[in-house]
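1. here is the input, now give the coordinates:
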Amino acid sequence: EEAAKQVWLYYDQRIEQLKQALGNRYQDKTISFVNFCCGGISSETENSFVGSILSDTGLQRPESQRYNRQGYIIIPEETLDMADGDVMFVVVYGGNETGEQDLNRIQQTPLWQKLNAVQQNRVHYVDPTVWRARTPLAADVIIDDLFKYLVNTP
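-> Numbers count the residues shown, from 1 in each chain. A predicted model of the protein is given here:
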């Protein structure tokens, strides 16, 4: 029980550090999280592991990614704009058979090229084994990535 309290205390401290470092530079921006896996595109919503970290930090999600009872949404290719945000974090699973193949194909489409995050060069490819791990250690690495891409990148 004491160890669990320490883990949560550490998490809360890291979130506060990140919030202070971010200041208000993202208060009017949306942060998207997109998953290419298994022959499809999805996003985890605010009530998911990744979503809760972004929410705890005060980062806003696109309307389509805010809440879903299951904690995720499926993004049909023809509505790829549901994946858009001012900044987009992308994870890819499955190698050339699925995720990478899907991403490579989608990146060649006009729909992908029209996304704000793509046009602003604000798409960041992050480790799927971390961003979907759902552990305290993974949360710590996700916070590191948020520092790297949102604080330390102009």
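2. okay, CA-based contacts and neighbour counts for the rest of this
-> Fine.
3. please, which helix or strand holds Ala3?
-> helix 2-22 (DSSP states H and E).
4. give me the residues contacting that helix.
-> Helix 2-22 has contacts (Cα atoms under 8 Å, 6 or more residues apart in numbering) with 56-58, 136, 139-140, 143, 146-147, 150-151.
5. dihedrals phi and psi, the residue nearest the centre of the chain?
-> Nearest residue to the geometric centre of the chain (Cα atoms, centre = their mean): Phe33, 3.0 Å. Dihedral angles of Phe33 (phi, psi; degrees, to the nearest 10) stand at phi -130, psi 120.
6. check contacts around it.
-> 43-44, 83, 88-90.
7. quickly list what it is bridged to.
-> Beta bridges link Phe33 to Phe89 when assigned by DSSP bridges.
8. now the helix or strand bottoming out on mean pLDDT in the chain: how far from the chain's centre is it?
-> When the helices and strands of the chain are scored by mean pLDDT, DSSP states H and E, helix 99-107 comes last with a mean of 87. Computed by Cα atoms, centre = their mean, to the nearest Å, the chain-centroid distance of helix 99-107 equals 17 Å.
9. then stretch 44-61?
-> Put simply, stretch 44-61 sits 8 Å off its chain's centre (Cα atoms, centre = their mean).
10. change the start of the numbering to 705 and stick with it
-> Yep, numbering from 705; the last one is stretch 748-765 now.
11. so for it, what gets flagged as buried?
-> Neighbour-count burial for stretch 748-765, counted by 16 or more other Cα atoms under 10 Å, picks out 748-759, 761-765.
12. re earlier: other residues contacting the least confident helix or strand of the chain?
-> Residues outside helix 803-811 that contact it (Cα under 8 Å, 6+ apart): 740-744, 796-799, 816-817.
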